[in-house]
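>>> coords please:
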Amino acid sequence: MHFMRVAPGWAGANQQLIKPMADNVIDLTQRPPRSPRVRLGGFVILPRMLDKGRATLGGKQGEYHYACPLDHRFLDFVGIDPEALKKELAKGKGDGEILEWIQANAKHKAVDSEIANWSAYQEQRAPSDTESRGYFQEIHSKVAPKRSDMVTWFDMLDIDDHASYGGKV
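Here you go, the predicted structure:
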C-alpha cells in the first residue's frame, strides 16, 4: 500500500555515499517508521523523518521516502536543509543529538509556543482542496473503506502504515 511514498526508482544523488553506524539503521522493510504524531522537541513529523533518513542511509527504506512533502513541512518550518540533516544522521547521532543540532542550525528559531501551535496544526491538517480530497478519498477507499475516523493526513498515514505491515483496519 504505502500511498504517501515516492514513485519506485527514485534515489537521492548521494544516497549511497553516506553510511550510518550499523546500530542506528532502521529497517523500514520490516516495520513502519514512527507515527507522524510522535514528537521530539515538541515537533511532530520529526521522529518519523529521522527514521526514514536512517533507513535511507542504510538502504532499508523500502517504499518510504526521506525528505518527502510531509518531511518538508518540518524542514521548511525550521529552515534546515535535508542533505545537511542526512549528513548528521550518517554520523550515528541519536534523536537527542539530532534535536540539539537542529536547534543550533535552524534558520528559523521557533519558541515553544510556536512549535506547539505548528505541531497542533499539522496534527489536524486534512485535505483542503478538491484534488487533495479526491486523492485522500481514493486512499481511504483502498486502505480502510469502513473506517469513518480517518479524516486527517496523520490518520491516513497511521492507518496505511498499520495495514501495510499486516494490521487489521
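>>> excluding its backbone neighbours, what's nearest Tyr135?
With sequence-adjacent residues excluded and distances taken as CB to CB, 6 or more residues apart in numbering, Tyr135 is closest to Pro127, at 7.2 Å. C-beta: built from backbone N, CA, C; applies to glycine.
>>> where does that neighbour land in three-state SS?
The three-state assignment at Pro127 reads coil, by DSSP: H, G, I helix; E, B strand; the rest coil.
>>> how near is it to Leu57?
Per CB to CB, to the nearest Å, Pro127 is found 32 Å from Leu57.
>>> which of the two has more neighbours?
Neighbour tally, Pro127 and Leu57, criterion other CB atoms under 10 Å: the higher count belongs to Leu57, 25 against 17.
>>> for that one, grab phi and psi.
Backbone torsions of Leu57, given as degrees, to the nearest 10, read phi -60, psi -30.
>>> for it, report the pLDDT, please.
Leu57 is assigned 95 on the pLDDT scale.
>>> wait, it sits on Glu88?
No. Between Leu57 and Glu88 there is no contact under CB atoms under 8 Å: 10.7 Å.
>>> can you give me phi and psi for Phe43?
The phi/psi pair for Phe43 (degrees, to the nearest 10) reads phi -90, psi 120.
>>> now the one 10 residues further on
Main-chain dihedrals, Gly53, degrees, to the nearest 10: phi -60, psi -50.
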